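Take this sequence and fold it.
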Amino acid sequence: MEWITALKKAIDFMEKNLCNNISADDVAKEVCISSFYLQKGFAIVTGFSLMEYVRNRRLYNAAQDILKNEEKIIEIAYKYCYETPESFTKAFTRFHGVSPKIARDDSAKLVLFNSFVIKLTLDGGKIMNYRITQT
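As a prediction, the model looks like this:
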């Protein structure tokens with residue numbers, strides 16, 4: 001149960017800090033687990049590394065901001081911790097398949113990447129009535 005709680009706390013911390021420059025070590029410190037074990041456990045459960053998850057969430061949120069058409073693309077790039085507009089455009093294009101400018105102008109179909117929700121479901125534990133027969 002501790003792992004489930006730790007993963008939920010890690011996801012909450014990453015979601016709250018998408019616009020801040022965070023590292024896997026920052027997330028690990030927040031949930032009081034070694035960075036190595038948190039990254040391994042997160043990858044096993046989700047299929048994504050911690051920073052891959054953060055990057056994908058940032059690019060999805062950036063796309064939402066671009067579609068609102070209120071901020072300049074360069075401001076959105078800096079908001080989501082990209083050091084240059086070029087690096088943002090390259091990452092955005094790889095993730096969504098179109099550049100930020102085309103996404104804004106043409107309202108292209110963009111990749112959906114919602115926040116993870118951890119749920120625990122237990123099945124089984126039922127008593128079976130059985131008998132062994134010889135044939």
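
What ranges in this protein fall below the confidence cut-off?
Scanning the chain for pLDDT under 70 picks out the ranges 1, 107, 122, 125-128, 130, 135.

Just want the most central residue of it.
Tyr53 (3.0 Å; CA atoms, centre = their mean).

Mind giving me the packing neighbours of the helix or strand it falls within?
Using DSSP states H and E, Tyr53 sits within helix 50-68. Identification of packing neighbours for helix 50-68 by 3 or more CB pairs under 8 Å, 6 or more residues apart in numbering; DSSP states H and E yields helix 2-16, helix 24-31, helix 35-46, helix 73-79, helix 85-96, helix 100-106. Where you see a C-beta, it was placed from the backbone N, CA and C, and this is true even at glycine.

Now tabulate the ones you listed in CSV and tack on distance to Arg57 and mean neighbour count.
What follows is the helices and strands packed on helix 50-68, written out as CSV (distance: least, CB to CB, whole Å; neighbours: other CB atoms under 10 Å):
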stretch, distance to Arg57, mean neighbour count
helix 2-16, 7, 16
helix 24-31, 13, 18
helix 35-46, 12, 15
helix 73-79, 13, 17
helix 85-96, 11, 17
helix 100-106, 16, 16
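
Excluding sequence neighbours, find me the nearest residue to Val54.
Met14 (5.4 Å; CB to CB, 6 or more residues apart in numbering).

Distance-wise, check Gly41 relative to Cys32.
13 Å (CB to CB, to the nearest Å).
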